[in-house]
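# coordinates only, sequence not included:
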């Protein structure tokens, strides 16, 4: 077993570093993010991703999965750190204390390296502001066999603790791309790709619409929906029926209802 | 225009009272809950619900909708309170400062007063712990024309600020019922009703399943899903395909995918 560092004080610089990863600016500067909880870290390992640093509560009987993880991190040359449970709780947040956390390198992908033919469905979020919604989109993407999530314009950070948690591990299995609208539409039109907008305007009923692979399903901002410019550039605009008083669904819900419809149609 | 009270100090008992409504125990004791933001309060009014107390930031140019709301509250004999913006921000929470809030009486319904024939779809949540998920279920229920949301066993509080906010007004249009499993199943079997479980076990593909109105679509706890006892008591168990590594969807997403499938089938 590799040498372990043990941290006993709140003022240790490493504790400060870990806490700073809750902040987008620091994540971006360091190129690292935090994932918390044994289940998430195990999902990451199953997807082939190990943390650069594994942080564990001291003095606990280790879960067999944690022991496996520790062995794998050590073998890959990663750091292993123990700290008092209450210090770790300060790192992972009072609302959600976890006995283990991992520091990973951010790994978003450029559009140029996306193989669009690798999956029949890709999800696209435009200016989606809620990290929980982004994480839920990733989770849904995994479930429908999507290739990844393309984040257009000013979205929430997919590597925030909230998004990573809501993704339930899908952050490690889905491709994550960040691009401007102009970059995205230019890239899309260089090859095959059926761009479908979830629209709040007059549009085709989503159950009656034709979907073609690779199908790019685009959902807009939580309160504004998609800009008209984006909708007009789409090959297809679809609506989901709204029978009540509200005029829209939760953005991640709208994405999921569309994604499952496209999946059913594409599988025949 | 009715007489207004003006609150200028943080230590005013009314400020304390309003803040206490963020806490489930106090909400239950008072039988009141808090809704925040002009949009939500306007949705409530359109659904026929006025706050017993309207709380506004002082010294702002009033939005026409706020003026209408104030007139309606005063006419109905409700209280109108103004406070400094920073005090109101303390009441509504730093993360989501709002210029207006309303105190409403809780209005959940008993099973006995539910007219199941009033809607083709009813949503049922069992031990759902996340208030955001409950609110999203309410919002989806509104969108599919459901009659309401039935909360079974130990669910989050539908009148929490987070649930009310995520419902986007649907808390005011959907029936909300809280019951134990035993009460619910006894009530259900006294009349018509097709009980459908979202299952993670072997079950019918949700696209190939028959749905009959009134259709009760039941989704379970975020991490455990439904207890086997509940699934076995259902008329139908359906699964949503999971093509990736994860074994489940977000609970509110699963509810929405099912609800839209049932809606499409029931409408023919």
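It's in. All values reported here derive from a predicted model rather than from experimental measurement. Residues are numbered from 1 along each chain as shown, chains lettered A, B, ... in the order given.

# which positions within stretch A:143-161 qualify as buried?
Neighbour counts over stretch A:143-161 (16 or more other Cβ atoms under 10 Å in any protein chain shown) mark A:143-153, A:155-161 as buried. For glycine as for every other residue, the C-beta is placed from the backbone atoms N, C-alpha and C.

# repeat for stretch A:236-251
Applying 16+ other Cβ under 10 Å to stretch A:236-251 flags A:236, A:237, A:238, A:239, A:240, A:244, A:245, A:246, A:248, A:249, A:250, A:251 as buried.

# how about stretch A:210-217 and chain B, touching?
No. Between stretch A:210-217 and chain B, judged by Cβ under 8 Å from any Cβ of the partner chain, nothing touches; the nearest distance is 13.7 Å.

# what average pLDDT does that stretch get?
Averaged across stretch A:210-217, the pLDDT comes to 97.

# equivalent analysis for stretch A:158-172, please.
For stretch A:158-172, the mean confidence score works out to 95.

# got it, and stretch A:87-107?
Taken as a whole, stretch A:87-107 carries a mean pLDDT of 85.

# same question for stretch A:47-61.
Rounded mean pLDDT across stretch A:47-61 is 90.

# chain neighbours aside, what residue packs nearest to residue A:204?
Of all residues not flanking residue A:204 in the chain, residue A:238 sits nearest, at 5.2 Å (Cβ to Cβ, 6 or more residues apart in numbering or on different chains).

# could you list the paired strands of whichever strand or helix holds that neighbour along with their orientation?
Using DSSP states H and E, residue A:238 sits in strand A:236-239. Sheet pairing for strand A:236-239, assigned by DSSP bridges, gives strand A:194-198 (parallel), strand A:204-205 (parallel).

# tell me the contacts of residue A:101?
The neighbours of residue A:101, taking Cβ atoms under 8 Å, 6 or more residues apart in numbering or on different chains as the test, are A:18, A:34, A:35, A:36, A:37, A:41, A:54, A:55, A:88, A:91, A:92.

# what's the spacing between residue A:130 and chain B?
Noted for residue A:130: a distance of 10 Å to chain B, by Cβ to the nearest Cβ, to the nearest Å.

# for residue A:42, that is, sorry about that
When residue A:42 is compared with chain B (using Cβ to the nearest Cβ), they lie 11 Å apart.

# what comes up buried for whichever strand or helix holds that residue?
Residue A:42 is part of helix A:38-46 when elements are defined by DSSP H and E. Residues of helix A:38-46 classed as buried: A:38, A:40, A:41, A:42, A:43, A:44, A:45 (neighbour count, 16+ other Cβ under 10 Å).

# quick one: which of those residues is nearest residue B:77?
residue A:40 (52.2 Å; Cβ to Cβ).

# ok, and the closest non-adjacent residue to that closest one?
Distance criterion Cβ to Cβ, 6+ apart; nearest residue to residue A:40, sequence neighbours excluded, is residue A:169 at 5.8 Å.

# how many other residues sit next to residue A:30?
Residues lying near residue A:30 (other Cβ atoms under 10 Å in any protein chain shown) number 14.

# if we can go back for a sec, just the ones in strands from the buried residues of stretch A:143-161, please.
A:148, A:149, A:150, A:151, A:152 (DSSP state E).

# beta partners of the residue nearest to residue A:204?
residue A:198, residue A:204.

# need the contact list for it.
Taking Cβ under 8 Å, 6+ apart, we find residue A:238 in contact with A:196, A:197, A:198, A:199, A:203, A:204, A:205, A:206, A:209, A:258.

# swap in residue A:88?
When contacts are counted by Cβ under 8 Å, 6+ apart, residue A:88 touches A:55, A:56, A:57, A:97, A:98, A:99, A:101.

# and if you look at residue A:233?
Contact partners of residue A:233, counting by Cβ under 8 Å, 6+ apart, are A:185, A:195.

# check residue A:147 too.
A:114, A:115, A:116, A:118, A:119, A:121, A:122, A:141, A:174, A:175, A:214.

# if I look at the fourth one, how far off is residue A:42?
Translated: residue A:118. Shown here: residue A:118 relative to residue A:42, a distance of 25 Å by Cβ to Cβ, to the nearest Å.

# now the second one
Between residue A:115 and residue A:42 the distance, using Cβ to Cβ, works out to 27 Å.

# most widely separated two among the contacts of residue A:238?
Largest pairwise distance in the contacts of residue A:238, by Cβ to Cβ, is 13.8 Å, between A:197 and A:205.

# following element in sequence after the host helix or strand of residue A:89, please.
Per DSSP H and E: residue A:89 is located in helix A:85-92. As assigned by DSSP H and E, the chain's next helix or strand after helix A:85-92 is strand A:100-105.

# okay, the angle between that next one and helix A:85-92?
Angle, strand A:100-105 to helix A:85-92, by axes from the mean of the first three to the mean of the last three Cα atoms, to 10 degrees: 40 degrees.

# phi and psi next, for residue A:218.
The phi/psi pair for residue A:218 (degrees, to the nearest 10) reads phi -110, psi 130.

# just the buried positions in the strand or helix carrying residue A:182, please.
Assessed by DSSP H and E, residue A:182 sits inside helix A:181-188. Neighbour counts over helix A:181-188 (16+ other Cβ under 10 Å) mark A:184, A:185, A:187, A:188 as buried.

# JSON lines for those, including pLDDT and distance to residue A:23?
Shown next, in JSON lines, are the buried residues of helix A:181-188 (pLDDT from 0 to 100; distance: Cβ to Cβ, whole Å):
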{"residue": "A:184", "pLDDT": "98", "distance to residue A:23": "27"}
{"residue": "A:185", "pLDDT": "98", "distance to residue A:23": "32"}
{"residue": "A:187", "pLDDT": "98", "distance to residue A:23": "30"}
{"residue": "A:188", "pLDDT": "98", "distance to residue A:23": "33"}
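
# check the residues you listed and tell me the two furthest apart.
A:185 and A:187 (7.4 Å).

# and residue A:234, how many residues sit next to it?
20.

# check contacts around it.
Neighbours of residue A:234 in contact, by Cβ under 8 Å, 6+ apart: A:195, A:196, A:197, A:218.

# ditto for residue A:45
A:68, A:69, A:72.

# kindly report the residues of the stretch 151-268 of chain A close to chain B.
Residues of the stretch 151-268 of chain A lying near chain B (Cβ under 8 Å from any Cβ): A:166, A:168-170, A:173, A:207, A:240-246, A:248-250, A:252-253, A:256-257, A:260, A:263-264.

# and the helices in chain A?
For chain A, applying DSSP state H gives helices covering A:13-20, A:24-30, A:38-46, A:64-75, A:85-92, A:131-143, A:161-167, A:181-188, A:228-232, A:251-267.

# which parts of the longest one are buried?
So the one you mean is helix A:251-267. Neighbour-count burial for helix A:251-267 [16+ other Cβ under 10 Å]: A:251-266.

# now swap in stretch A:130-145 and tell me
A:130-145.

# pLDDT (mean, whole number) over that stretch?
Rounded mean pLDDT across stretch A:130-145 is 98.

# so how far is that stretch off the chain centroid?
6 Å (Cα atoms, centre = their mean, to the nearest Å).
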